[in-house]
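**Q** Quick check, what structure comes out for this input:
(one chain, ligands or ions: 2)
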Amino acid sequence: MKITDVVITPIAMKDPPLRNIQGIHQPYALRSILQVGTDEGLTGLGETYGDLAILSALRKVAPRLTGLDPFDLNGLERIIRETLGATAGRATHGLVGEASDEKTLATVLSAFEVACWDLQGRALGRPVVELLGGKVRDTVPYSGYLFFKPSVHNPDPGYEPDRWGEAMDAEGIVAQARRMVDGYGFKSLKLKGGVLPPSEEADAILALRDAFPEHPLRLDPNAGWTVESSIAVGKKLDGVLEYLEDPTGGIDGMAAVAREVSMPLATNMCVTAFSHIPPAVKVDAVQVVLSDHHFWGGLRRSRELAAICRTFGIGLSMHSNSHLGISLAAMTHLAGATPELTYDCDTHYPYLVEDVVQEGVLEFIDGAVRVPSASGLGVDLDLDSLARLAEQYDKCGFDTRDDITPMRAVQPGWDPVIPRW
Ligand SMILES: O=C([O-])C(=O)C[C@H](O)[C@@H](O)C(=O)[O-]
Ligand SMILES: [Mg+2]
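**A** Residues are numbered from 1 along each chain as shown. Ligands and ions are numbered 1, 2, ... in the order given. Predicted structure coming up:
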């Protein structure tokens with residue numbers, strides 16, 4: 001089987017005004033959708049960030065893939081390295097750690113790699129989970145991802161407001177959590193912090209603890225706090241959190257917090273590439289790493305990460321950005337085949353109101369998604385939806401994620417300084 005053509009479609013999907021340390025989500029989230037065609041008439045699907053820098057890198061690589069066998073993943077990496085060289089560009093946004101050429105390269109590799117796994121599975125008539133070694137679980141549990149948010153975007157993008165309403169205090173977060181748990185059955189909850197002063201966010205966690213006594217809870221301010229503030233929150237939430245995620249920035253900062261608090265510290269900011277692991281292990285900075293196949297270099301690399309975490313006794317969880325069904329399918333196959341992944345995975349999926357894959361395959365039952373059993377990733381494109389979301393991209397008025405500018409519309413002079421507290 002040989003790759004004959006690659007179609008890359010940037011899309012924009014409606015996204016609620018979710019708050020974080022940088023500001024607020026734009027009214028649309030951007031993604032790149034990959035269709036990799038072969039001489040056998042099969043098409044493999046991939047999905048990644050839609051930011052222009054990534055899109056440009058994907059477009060540079062695409063024509064070079066003609067003739068490649070989708071089973072040759074080492075060949076895929078070689079072509080990508082040759083094409084992008086050592087200057088792939090710094091493309092990721094600030095919420096997943098430092099941008100680097102290597103991370104951009106890993107992101108591009110991942111997008112095409114997932115499409116190749118899909119092709120391999122389709123060619124063999126096997127689901128991707130089987131190519132990754134077989135299922136270690138039939139369903140993959142996800143956690144309910146809670147965000148502080150206003151009820152509407154400002155300015156109004158002209159579409160129906162989202163169904164989640166306002167949540168700018170502990171009461172609003174508990175109500176949001178109730179809807180997440182009732183609607184999706186989530187068995188654990190994660191609160192995106194870095195929005196209110198740390199003690200108020202700790203109070204929101206305590207309110208969640210009262211309302212959901214059995215649910216493991218996580219809090220993630222995306223490095224918004226100083227070491228001192230992080231320790232204070234860690235002590236206040238002693239015995240309450242399953243883990244505290246990126247309270248402060250950097251390996252040394254996290255290590256200083258880890259020495260003083262009882263709960264594990266997790267990260268998708270200070271350990272986001274293989275080169276970060278040795279220094280983090282040396283000072284015991286993090287006890288849980290959130291994998292994310294999108295920027296760790298794909299499904300193979302994510303399993304290498306799992307093995308390294310196992311070796312050093314580090315827990316493994318999974319990170320998410322706003323994503324569509326192709327990514328959810330890839331995450332579910334990966335998690336379905338990865339025994340080290342013992343924490344419920346993150347997902348933004350409940351905030352999604354439009355997808356490019358057909359309905360009904362990826363459903364949350366009791367907070368979990370069944371690993372698809374059809375060939376490849378097990379999802380197919382809905383071409384009408386893809387065209388509609390592509391048109392939305394052309395009209396949305398931006399080509400790169402930016403949480404700061406829309407925040408300045410809400411709060412003039414907004415300065416996304418880190419740490420803030
Ligand atoms: O766990 C995390 O750090 C994230 O999920 C980062 C995301 O970008 C999230 O903060 C968001 O979507 O605003
Ligand atoms: Mg995080």
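
**Q** So which bits of the stretch 201-350 of the chain are right by ligand 1?
**A** 220, 222, 268, 319, 320, 321, 322, 346 (Cβ under 6 Å from any ligand atom). Where C-beta positions appear, they are placed from N, C-alpha and C, glycine not excepted.

**Q** Now distance to residue 257 and secondary structure too, for those residues, in CSV please.
**A** Shown next, in CSV, are those (distance: Cβ to Cβ, whole Å; DSSP: H, G, I helix; E, B strand; the rest coil):
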residue, distance to residue 257, secondary structure
220, 13, strand
222, 14, coil
268, 16, coil
319, 19, coil
320, 23, coil
321, 24, coil
322, 28, coil
346, 21, coil
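
**Q** Can you classify residue 339 by secondary structure?
**A** coil (DSSP: H, G, I helix; E, B strand; the rest coil).

**Q** Just the pLDDT at it, thanks.
**A** Looking at residue 339, its pLDDT reads 98.

**Q** what number of residues lie near the residue nearest to it when sequence neighbours are not counted?
**A** Sequence neighbours aside, residue 136 is the residue nearest to residue 339 in space, at 4.6 Å (criterion: Cβ to Cβ, 6 or more residues apart in numbering). Counted by other Cβ atoms under 10 Å, the residues lying close to residue 136 total 15.

**Q** same deal with residue 85?
**A** 10.

**Q** got it, and residue 203?
**A** 17.

**Q** Report the contact partners of it.
**A** residue 170 (Cβ atoms under 8 Å, 6 or more residues apart in numbering).

**Q** name the element it belongs to?
**A** helix 198-211 (DSSP states H and E).

**Q** Next, the buried residues of that helix.
**A** By 16 or more other Cβ atoms under 10 Å, the buried positions in helix 198-211 come out as 198, 201, 202, 203, 204, 205, 207, 208, 209, 211.

**Q** Would you map the helices across the stretch 51-200 of the chain?
**A** Using DSSP state H, counting those that start in this stretch, the helices of the stretch 51-200 of the chain run over residues 52-61, 73-84, 101-124, 128-131, 170-184, 198-211.

**Q** what does the stretch 201-350 of the chain give?
**A** Going by DSSP H, counting those that start in this stretch, the stretch 201-350 of the chain shows helices at 227-236, 251-258, 277-282, 293-296, 299-311, 325-336.

**Q** Export these as TSV, with columns for mean pLDDT and mean neighbour count.
**A** Output for the helices of the stretch 201-350 of the chain, formatted as TSV (pLDDT from 0 to 100; neighbours: other Cβ atoms under 10 Å):
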stretch	mean pLDDT	mean neighbour count
helix 227-236	98	20
helix 251-258	98	21
helix 277-282	98	15
helix 293-296	98	28
helix 299-311	98	18
helix 325-336	98	28
